[in-house]
Structures are given as C-alpha cells and as structure tokens.
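Visitor: Show me the folded form of this:
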Amino acid sequence: MVKKQPKFCWHHGGRERLRQCLDNGYCDFWPPGTPGYERWKRHGLKKGDRVQFSVRRKVVACGTIQSDKPYDLFAEKGIEPVDPDWPSAVDIGDICWRDKGDCSFTPRFGSHWL
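Guide: Predicted coordinates:
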C-alpha cells in the first residue's frame, strides 16, 4: 500500500517529548481549549490528513491525524500530559520515524502546509 505524502509540517519543541507522545498514539497540541481549536481550524487540519513532524528543522517522523479536533488529554483519556503546559492532544496513527531531511521553515514561523 502506498502511503499519502504529508501535506502539513507540524513543528514540535523537543524530540524526546514528541517520542513520548507519539509512542502513546497522540501529539500534544497548544494552546489548550478554544484558542487551540481556533488554531486547528485556521490550519485547516482534519482527520485523515498525513503530517510530518519536525524538531529544530529536522523532519523526524510522520503520521496520520486520527482526531476530529484537539481534546483535553486527561479529561478524555485519563492520561497525564508529558508536559503539563501542553494538555491538549490530537490522536496520531500510522506513525513512522525517519530522517527525512530538513524543513525549510525556521521554527519561529511555526507549523505550515507543505
């Protein structure tokens, strides 16, 4: 089966935190609550979208969004967030770790469409 190419680059602050999240089938999301949902809508992300994850400009993983929108990780699943400052989450499936080169956008520009 041929996998879809990622269409969005999700910038993440730390490889270890990202690994802990993805190993549990989710990626943490900020900001929590309504502002996070508004950001999600602004990005136009939806369930089934293939995304790549970059940490400090290095593409390190990709996966497929499995949630309709961000949710409160502890309230929905009883899972303590890896970082308490990042309590929201989005389920990610079909995860693969790999070195896929560099992201051309600097981290300060944030996540973006490819």
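
Visitor: Phe8 is in contact with Leu114, isn't it?
Guide: Yes - checked against Cβ atoms under 8 Å, the pair Phe8 and Leu114 is within contact range at 6.4 Å. The way it works is simple: take the backbone N, C-alpha and C, and place the C-beta from them, glycine included.

Visitor: the more surrounded of these two?
Guide: A count of neighbours by other Cβ atoms under 10 Å puts Phe8 above the other of Phe8 and Leu114, at 18 against 13.

Visitor: The nearest residue to that one once chain neighbours are set aside: what's it in contact with?
Guide: Among residues not flanking Phe8 along the chain, Val51 sits closest, at 4.5 Å (Cβ to Cβ, 6 or more residues apart in numbering). Residues in contact with Val51 (Cβ atoms under 8 Å, 6 or more residues apart in numbering) are 6-10, 45, 62-65, 92.

Visitor: Quick check: neighbours shared by Phe8 and Leu114?
Guide: Taking Cβ under 8 Å, 6+ apart as the contact rule, Phe8 and Leu114 both touch Gln52.
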